[in-house]
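Asker: could you look at this predicted model? Sequence included:
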Amino acid sequence: MPMFQPELETLPRPQLKALQDQRLREQVELVYERVPFYRRHFEERGLKPSDIRRVEDLPKLPFTRKQDLRETYPFGLFAVPRQELARIHASSGTTGKPTVVGYTRGDLEVFAEVVARSLAAAGGQPGMMLHNAYGYGLFTGGLGLHGGAERLGMTVIPVSGGMTERQITLIQDLQPEMIACTPSYAQTLADAFKKRGVSPEQISLQYAVLGAEPWTEAIRKSVEEGLGVKATNIYGLSEIIGPGVSNEDVAEREGLSYLWEDHFYPEVVDPETGDPLPDGEVGVLVLTTLTKKALPLLRYWTGDLTSITREPGPSGRTHARMAQIRGRADDMLIIRGVNVYPTQIEAVLLEVPEVAPHYQITVTRPEILDEVELKLEVAETFYEQYGEEALRSDLGQRVAHKIKENVGVSLAVTLIPPGTAPRSEGGKLKRVADLRKP
């Protein structure tokens, strides 16, 4: 598969390491001079910028967390005055004040560059058409994918999220080769095509770039079969830059995404102690920006659980590869003393052909003990064969037993007809409702 910047994507690791160290030194000087938050942290630890010369020195510094951005809202961590900003994005702020992020013109060029690399890895080529169903506005996804696609030389349909019937019509009429959206919305579109009687072979889409929420091989299989595409994972977060921090190669699609290390230095640390973990072990991903000017961040605690390997991939790229996100450290559910991530349950469902990858988990505590209900759609083929009897079969008990064996938590499974579980309308789909009172 062609690369957007092969000379950088295949840079020998000694040269890549030297570039990282050089850019880190520049980033450290920038934040020490211009961001009081970081200068204070340096001084509290008796450190000077000259003490952070290599990426190996980063553990001397504390983590930066989302709460730090909220406590310095709106511009307290910025390293440039407002007049030098070219764009501002922000999170939804559903849990408090929004997280505000900003970009200089140079930052936007980096943003477009890493997204272009990601889209090329996903199968995108100049002249192709991208149906961009990520939301535009304050969310970084829509404009981020848009800029990277144009940088790659693609034609962009800026449809944004929602209005599914219009999306279906545009895909049928304009015949795009690639779509970008959340994995749950890709499932929604696949269901809508099926209801219209449109088979995957009749859909023009060849590639799907999916991100903004954790997903599993079960969802990949569902999307690829439903839309007739090859689906890859794009990873990113607004605080670091937005989508385009990493992406799978479409020829590999083995759950490992190339992380563009010349712009973002990765660490994986123990969720409890914060100690660095060796390659291959699962922990919290921590990222340091190496080239950002408006909002440079050192050791940003993403909360995402993954592992990384620095072994070169089959594509010839030399950058580190990160595994699919297993969940967020702060999304972990503690059920009767057992640590549970929704993606663990989803992985079990992949092994049960009679169910569909559409579900909702509800956690309650009516008295002393936690109670968990899994509302789970049965597969259409199973429902067509047995009708309402499918919902009264022992399938729910079998699924509950399998989850207990593999995840270690007991739950009640309620089987529901196809098409009745919540669907995404373009944004992130919330699959877990934790109704326990604090």
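Answerer: Looks like it came in fine. Residues are numbered from 1 along each chain as shown.
Asker: gap between the two ends of stretch 319-338?
Answerer: 35 Å (Cα to Cα, to the nearest Å).
Asker: er, stretch 199-209 I mean
Answerer: 20 Å.
Asker: got the contact list for that stretch?
Answerer: With Cβ atoms under 8 Å, 6 or more residues apart in numbering as the test, stretch 199-209 has contacts from 118-119, 122-124, 131, 145, 171-172, 175-181, 186, 193, 223-232, 234, 247, 250. (Each C-beta comes from the backbone N, C-alpha and C, glycine too.)
Asker: same check, this time on stretch 28-45
Answerer: By Cβ under 8 Å, 6+ apart, stretch 28-45 touches 48-49, 52, 60-62, 68, 72, 76-80, 293, 296, 298.
Asker: now with 7 Å?
Answerer: For stretch 28-45, the surrounding residues in contact (Cβ atoms under 7 Å, 6 or more residues apart in numbering) are 48-49, 52, 60-62, 68, 72, 76-77, 79, 296, 298.
Asker: between those, which sits nearest W215?
Answerer: Proximity of the contacts of stretch 28-45 to W215 (Cβ to Cβ) peaks at D68, which lies at 28.4 Å.
Asker: any idea how far the closest one is from Q83?
Answerer: Distance, D68 to Q83, using Cβ to Cβ, to the nearest Å: 24 Å.
Asker: and if you look at D191?
Answerer: Counting by Cβ to Cβ, the gap from D191 to Q83 is 47 Å.
Asker: and F75, by the same measure?
Answerer: 12 Å.
Asker: ok, these two, which is more surrounded?
Answerer: Neighbours were counted for F75 and for Q83 using other Cβ atoms under 10 Å; F75 has more, 16 against 5.
Asker: next up, the contacts around the more buried one.
Answerer: R82, V100.
Asker: check P342 too.
Answerer: Counted by Cβ under 7 Å, 6+ apart, P342 has contacts G327, I361, R431, V432.
Asker: what's the helix or strand harbouring Y359 in contact with?
Answerer: Using DSSP states H and E, Y359 sits in strand 355-364. Strand 355-364 is touched from outside by 218-219, 222, 333, 335, 342, 345-346, 349, 370-379, 399, 418, 421-422, 431-436, with contacts defined as Cβ under 7 Å, 6+ apart.
Asker: I'd guessed F382 sits against L391; true?
Answerer: No. The criterion here is Cβ atoms under 7 Å, and F382 misses it with L391 at 10.0 Å.
Asker: more neighbours, those two?
Answerer: F382 (21 against 16).
Asker: please, which helix or strand holds the more buried one?
Answerer: Secondary structure here is read from DSSP H and E; on that basis F382 sits in helix 380-386.
Asker: got the CA positions of that helix in PDB?
Answerer: Extracted C-alpha coordinates of helix 380-386, given in PDB (Å, rounded to 0.1, in the frame of the first residue of the first chain):
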ATOM      1  CA  GLU A 380     -31.200 -11.900  12.300                       C
ATOM      2  CA  THR A 381     -30.600 -15.400  10.900                       C
ATOM      3  CA  PHE A 382     -31.300 -16.900  14.300                       C
ATOM      4  CA  TYR A 383     -34.400 -14.800  14.800                       C
ATOM      5  CA  GLU A 384     -35.700 -15.500  11.300                       C
ATOM      6  CA  GLN A 385     -35.400 -19.300  12.000                       C
ATOM      7  CA  TYR A 386     -37.000 -19.400  15.400                       C
END
